[in-house]
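Trainee: prediction below, plus the sequence it came from.
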Amino acid sequence: MENFIFQAPTKVYFGKNQIQHLPKILREHGRKVLLVYGGGSIKHNGIYETIQSLLADEFQIVELAGVEPNPRVDTVRRGVALCRQHGVEVILAVGGGSTIDCAKAVAGGAFYEGDPWDFTQDGSVIKRALPLVTILTLAATGSEMNWGGVLTNLETKEKLGFRNPLLIPQASILDPTYTFSVPAYQTSAGSADILSHLMEQYFDRTSGTQILDYMAEGLMRTVIENLPVALAEPTNYEARGNLMWASSWALNSLIRSGKAGVWSCHPMEHELSAYYDITHGVGLAIITPRWMKHVLNGETLPYFVRYGKNVWHLTGSDEEIAHHAIQKTYEFFLSLNIPMTLPEVGIGSEKLQEMAQQAVKHSEISTKAFVPLQANDVFAIFEASLEPMVF
């Protein structure tokens with residue numbers, strides 16, 4: 001295990017009706033609030049009305065609505081302008097990871113003289129940020145408890161990440177009942193994202209990381225066990241709560257601390273989203289089992305055996321367990337009724353080579369990944385994703 005510094009400063013308010021703490025939380029930071037949200041679902045499920053009622057007498061609210069599922073830098077620029085125009089003192093992001101990621105970029109952009117897209121090249125240019133509070137409505141990205149985000153630039157066809165400790169939410173309200181109305185498709189895609197976060201950090205060659213690996217395995221089992229329950233019983237509080245908390249712990253840096261590798265599937269999926277604006281979790285579900293099959297070899301076999309035994313409870317020879325673990329992963333995603341081939345999400349073979357080259361260009365996947373991947377490897381994984389997997 002490598003040296004690390006771990007700090008999780010976000011104050012989490014978990015459980016039913018925790019939104020009642022919102023005025024007190026915001027009061028610590030200011031009275032002028034930028035309310036950031038997406039397509040308007042919070043107006044249908046009652047959260048918007050509750051926020052307005054709680055804040056009406058004391059706070060001035062400015063709204064940034066319409067944040068996209070893959071948040072765009074143009075929306076961030078619009079939010080920055082609103083902050084400057086109205087003297088915003090604190091940002092309240094209500095939604096899933098896309099909304100929170102957008103709000104993070106706005107928080108950093110409010111005091112930055114350049115363009116917010118610069119953050120994707122060097123997050124250290126952020127020297128000051130508005131305080132951020134979140135209300136989570138979708139279990140997926142973990143953005144409610146970490147210091148990173150992802151932005152899309154439609155002009156350049158790029159989807160890139162940014163990071164800065166100043167962007168960690170000051171407080172996050174996690175009420176599982178707010179996910180009751182999330183459609184099955186989004187619940188499944190969000191959970192695929194959680195699993196991918198865990199797998200990206202789990203498949204790593206850093207030695208001596210047993211505590212991190214056991215935590216990751218437990219979180220993966222939690223998602224695998226609770227997701228079918230949440231799909232069958234959308235208002236099952238325990239299942240929704242376990243998914244929500246797993247989302248936060250999957251990406252608050254705990255199970256990554258002390259590991260040295262970089263992620264493999266996310267850089268590939270980011271190109272799919274950048275070019276075709278597909279649902280992030282679905283893209284990850286499509287790519288992940290193909291990536292597993294591509295990188296399975298004599299050196300990586302022990303990692304997949306451990307995964308098969310401890311996550312899927314498989315038995316047999318090492319080779320049988322490894323191959324069966326990949327099959328179980330694919331079949332689990334397939335059982336969620338989400339697309340599992342690229343053509344199902346509107347992606348053909350036309351731009352696979354170009355996207356493969358971009359995936360290598362925009363990441364360290366070719367040098368620091370679990371198994372280093374060159375453009376031809378990424379292309380092979382993309383190509384394998386055109387057809388259903390056969391075992």
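Mentor: Structure's in. What do you need?
Trainee: hmm, S264 is touching F370, no?
Mentor: Yes - S264 is within contact range of F370, at 5.8 Å (criterion: CB atoms under 8 Å). The C-beta positions use only the backbone N, C-alpha and C, and glycine is treated the same way.
Trainee: can I assume S349 sits in a helix?
Mentor: No - if the criterion is DSSP: H, G, I helix; E, B strand; the rest coil, then S349 is coil and not within a helix.
Trainee: tell me the predicted confidence for it.
Mentor: Per-residue pLDDT puts S349 at 97.
Trainee: can you report how many residues neighbour it?
Mentor: The tally of other residues near S349 (other CB atoms under 10 Å) stands at 12.
Trainee: which residues are in contact with K328?
Mentor: K328 makes contact with G308, W312, L314 under the criterion CB atoms under 8 Å, 6 or more residues apart in numbering.
Trainee: the helices in the stretch 151-300 of the chain, which residues?
Mentor: For the stretch 151-300 of the chain, applying DSSP state H, counting those that start in this stretch gives helices covering 184-202, 210-232, 237-250, 265-276, 280-295.
Trainee: need those helices in a markdown table with mean neighbour count, can you?
Mentor: Shown next, in a markdown table, are the helices of the stretch 151-300 of the chain (neighbours: other CB atoms under 10 Å):
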| stretch | mean neighbour count |
| --- | --- |
| helix 184-202 | 24 |
| helix 210-232 | 18 |
| helix 237-250 | 23 |
| helix 265-276 | 24 |
| helix 280-295 | 25 |
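Trainee: can I get these in JSON lines including mean pLDDT and distance to H86?
Mentor: Compiled in JSON lines, the helices of the stretch 151-300 of the chain are given as follows (pLDDT from 0 to 100; distance: least, CB to CB, whole Å):
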{"stretch": "helix 184-202", "mean pLDDT": "97", "distance to H86": "31"}
{"stretch": "helix 210-232", "mean pLDDT": "97", "distance to H86": "38"}
{"stretch": "helix 237-250", "mean pLDDT": "97", "distance to H86": "30"}
{"stretch": "helix 265-276", "mean pLDDT": "96", "distance to H86": "31"}
{"stretch": "helix 280-295", "mean pLDDT": "98", "distance to H86": "31"}
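Trainee: out of those, which gets nearest to S257?
Mentor: Closest of the helices of the stretch 151-300 of the chain to S257 is helix 210-232, at 7.2 Å (criterion: CB to CB).
Trainee: who touches that closest one?
Mentor: So helix 210-232 is contacted by 1, 184, 187-188, 191, 194-195, 198-199, 201-202, 236, 238-240, 242-243, 246, 249-250, 254-259, 306-307, 310-311, 332, 335-336 (CB under 8 Å, 6+ apart).
Trainee: one step back: just the buried ones from the contacts of K328, in ChimeraX syntax?
Mentor: Buried subset of the contacts of K328, written as a ChimeraX selection, criterion 16 or more other CB atoms under 10 Å:
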select :308,312,314
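Trainee: the contacts of K328 in helices, which ones?
Mentor: G308, W312 (DSSP state H).
Trainee: between the contacts of K328, which is closest to H323?
Mentor: Nearest to H323 among those is G308, at 8.6 Å by CB to CB.
Trainee: which of the helices or strands spans the closest residue to that closest one other than its chain neighbours?
Mentor: Take G308 and drop its neighbours on the chain: the residue closest to it by CB to CB, 6 or more residues apart in numbering is A325, 3.2 Å away. Taking DSSP states H and E as the criterion, A325 maps to helix 318-334.
Trainee: which parts of that helix are buried?
Mentor: Buried, per 16+ other CB under 10 Å, within helix 318-334: I321, A322, H323, H324, A325, I326, Q327, K328, T329, Y330, F332, F333.
Trainee: likewise for stretch 109-122?
Mentor: Buried, per 16+ other CB under 10 Å, within stretch 109-122: G109, A110, Y112, P116, W117, D118, F119, T120.
Trainee: and the residues you listed, which two are furthest apart?
Mentor: Taking CB to CB, no two of those sit farther apart than A110 and T120, at 17.1 Å.
Trainee: mind checking how far E299 is from R205?
Mentor: Taking CB to CB, to the nearest Å as the measure, E299 falls 9 Å from R205.
Trainee: list the helices and strands the helix or strand bottoming out on mean pLDDT in the chain packs on?
Mentor: Within the chain, no helix or strand scores below helix 41-44, which has a mean of 89 by mean pLDDT, DSSP states H and E. Helix 41-44 is packed against helix 47-55, strand 90-95, with contacts defined by 3 or more CB pairs under 8 Å, 6 or more residues apart in numbering; DSSP states H and E.
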